[in-house]
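In: Here is my input, please return the structure:
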Amino acid sequence: MGNHRRPASAGLERNAKVTALAGGMAAVAATAATALSGGGVAGAAPADPAGDARARVDRLFEEAEQATERFNAAGERSAKLRAEVRHVQDAIARSQDRVNTMRGVLGAFAGAQYRSGGLDPAMELLLTEDPDDYLEKAGILDRLTGRQARQLVALREEQRALTQQRKEASHKLGELEQLRADVARQKRSVTAKLAAARRLLNAMPSQQRAEYERAARSGGGRYGAMPGPVLGPGSGRAAAAVMAARAAVGRPYVWGSTGPSGFDCSGLMVWSYRQAGVSLPRTSQAQRYAGRRVPLSEARPGDLVTYRSDASHVGMYVGNGQVIHAPYPGAAVRYDPVGMMPVSSVTRV
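Out: Reported below is the predicted structural model:
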């Protein structure tokens, strides 16, 4: 009876291939987990690696945007505080000039008394040729001296108060500078995570990457009621802002930028409305309070649409159920559905 067993070498070759394939799959899973967790220990392989990666990338984009808005808020506060410090320093300088002038007047008066021999007023009264004239002048001099003394005391108090204000302002400025440094470090950390997530997505098959892009841009009516009939801009300035936003389509997302060559999400709103002669707050959280709240169903072109519960993202409604916004690093300013993510508020400027 013939021997039908496979040769030992064939079995060994098959086992080696299985082992290599299993090892390769484990390495891919470990690499993905490490890239997204910043080097943490990989757990069990997810049931849907592509879906899990997309969710992680979305979360990282959100974290990056939140960090950018905190950075913008710190920069805005820092600029205001610098202006306040300059104002206080100017006031201190003016007060110091007044104090120096008063000191000069009082010093001249004291020198005159010394050069006159420092005579006792009673003796000068006895020696004067016109006692009535002396008494009149002495009374005026006493009143003048008292007034000067009071002015000097008041100016010294003012100087002390302003000096204290300057110290407090400088202290706050130092705190804000530290805050900006902290946020900058956080941005670097998030940028690294984004890069890792991008590498993971780039390693996916092209079909899965295309599905991710479609999912990111196909919000439709998932979040909130869609706007009603197409309406015109709420005002002439809104129309001018919409024109500016349309002109910015295609320009890149740039951290902390208000244009014109690149923008972050709130920076695009600031720049667009600046072209219409309107000054908006720097952050999306503040921009939601920059006008009158309206329902999403009544949105008009030019309205600001903030997203997520913390209003960490903002776009401009431009009609036909679309907004123009600066999405995230690596993506250009573009049109997307107004319901692309949960709507926090709609503000008419």
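
In: C-alpha only now, for contacts and for neighbours.
Out: Noted.

In: phi, psi of the closest residue to Glu62 other than its chain neighbours?
Out: Leaving aside its sequence neighbours, Glu62 sits nearest to Ser312 (Cα to Cα, 6 or more residues apart in numbering; 7.9 Å). With angles defined as degrees, to the nearest 10, Ser312 sits at phi -90, psi 0.

In: Which residues are in contact with Ser312?
Out: Going by Cα atoms under 8 Å, 6 or more residues apart in numbering, Ser312 touches 62, 65-66, 69, 284-285, 306.

In: Can you lay out those residues as JSON lines showing secondary structure?
Out: As requested, the contacts of Ser312 are exported to JSON lines (DSSP: H, G, I helix; E, B strand; the rest coil):
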{"residue": "Glu62", "secondary structure": "helix"}
{"residue": "Glu65", "secondary structure": "helix"}
{"residue": "Gln66", "secondary structure": "helix"}
{"residue": "Glu69", "secondary structure": "helix"}
{"residue": "Ser284", "secondary structure": "helix"}
{"residue": "Gln285", "secondary structure": "helix"}
{"residue": "Thr306", "secondary structure": "strand"}
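
In: Need the max-distance pair from those.
Out: Spanning the widest gap among the contacts of Ser312 are Glu62 and Gln285, at 14.2 Å by Cα to Cα.

In: tell me the mean pLDDT over the host helix or strand of Val270?
Out: Taking DSSP states H and E as the definition, Val270 sits inside helix 265-274. If you average the pLDDT over helix 265-274, you get 97.

In: Could you do stretch 178-196 as well?
Out: Stretch 178-196 comes out at a mean pLDDT of 74.

In: Okay, buried residues for it please.
Out: Residues of stretch 178-196 classed as buried by neighbour count (16 or more other Cα atoms under 10 Å): 179-180, 183-184, 186-187, 190-196.

In: what's the distance between the residue nearest to Glu62 and Pro342?
Out: Using Cα to Cα, to the nearest Å, we find Ser312 at a distance of 11 Å from Pro342.

In: just the angle between the helix or strand hosting Ile92 and helix 265-274, please?
Out: Of the helices and strands defined by DSSP H and E, Ile92 is found in helix 49-115. Put simply, helix 49-115 runs at 60 degrees to helix 265-274, going by axes from the mean of the first three to the mean of the last three Cα atoms, to 10 degrees.

In: Give me the more crowded residue out of Glu62 and Gln285.
Out: Gln285 (20 against 17; other Cα atoms under 10 Å).

In: How about that one: what's its closest non-neighbour residue?
Out: Among residues not flanking Gln285 along the chain, Ala311 sits closest, at 5.3 Å (Cα to Cα, 6+ apart).

In: Is it correct that that neighbour falls within a strand?
Out: No. Judged by three-state DSSP, Ala311 forms no part of a strand; its state is coil.

In: those strands in the protein, which residues are they?
Out: Shown for the chain, the strands assigned by DSSP state E span residues 292-293, 304-307, 313-319, 322-325, 334-337, 343-348.

In: in the stretch 201-349 of the chain, which ranges drop under the pLDDT threshold?
Out: 201, 215-231 (pLDDT under 70).

In: wait, doesn't Arg292 sit right on Leu304?
Out: No. Applying Cα atoms under 8 Å as the test, Arg292 and Leu304 come out as separate, 10.2 Å apart.

In: quick one, which of the two is more surrounded?
Out: Shown here are Arg292 and Leu304; by other Cα under 10 Å, Leu304 has more neighbours (31 against 11).

In: what pairs with that one across the strands?
Out: Leu304 has these beta-bridge partners by DSSP bridges: Met316, Thr347.

In: show me the contacts for it.
Out: With Cα under 8 Å, 6+ apart, Leu304 has these contacts: 269, 287-288, 314-317, 346-349.

In: Just put the residues you listed in JSON lines and tack on distance to Ser95 and neighbour count.
Out: Formatted as JSON lines, the contacts of Leu304 follow (distance: Cα to Cα, whole Å; neighbours: other Cα atoms under 10 Å):
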{"residue": "Met269", "distance to Ser95": "42", "neighbour count": "32"}
{"residue": "Gln287", "distance to Ser95": "39", "neighbour count": "22"}
{"residue": "Arg288", "distance to Ser95": "41", "neighbour count": "25"}
{"residue": "Val314", "distance to Ser95": "46", "neighbour count": "31"}
{"residue": "Gly315", "distance to Ser95": "48", "neighbour count": "29"}
{"residue": "Met316", "distance to Ser95": "48", "neighbour count": "31"}
{"residue": "Tyr317", "distance to Ser95": "51", "neighbour count": "29"}
{"residue": "Val346", "distance to Ser95": "48", "neighbour count": "28"}
{"residue": "Thr347", "distance to Ser95": "45", "neighbour count": "23"}
{"residue": "Arg348", "distance to Ser95": "45", "neighbour count": "21"}
{"residue": "Val349", "distance to Ser95": "42", "neighbour count": "20"}
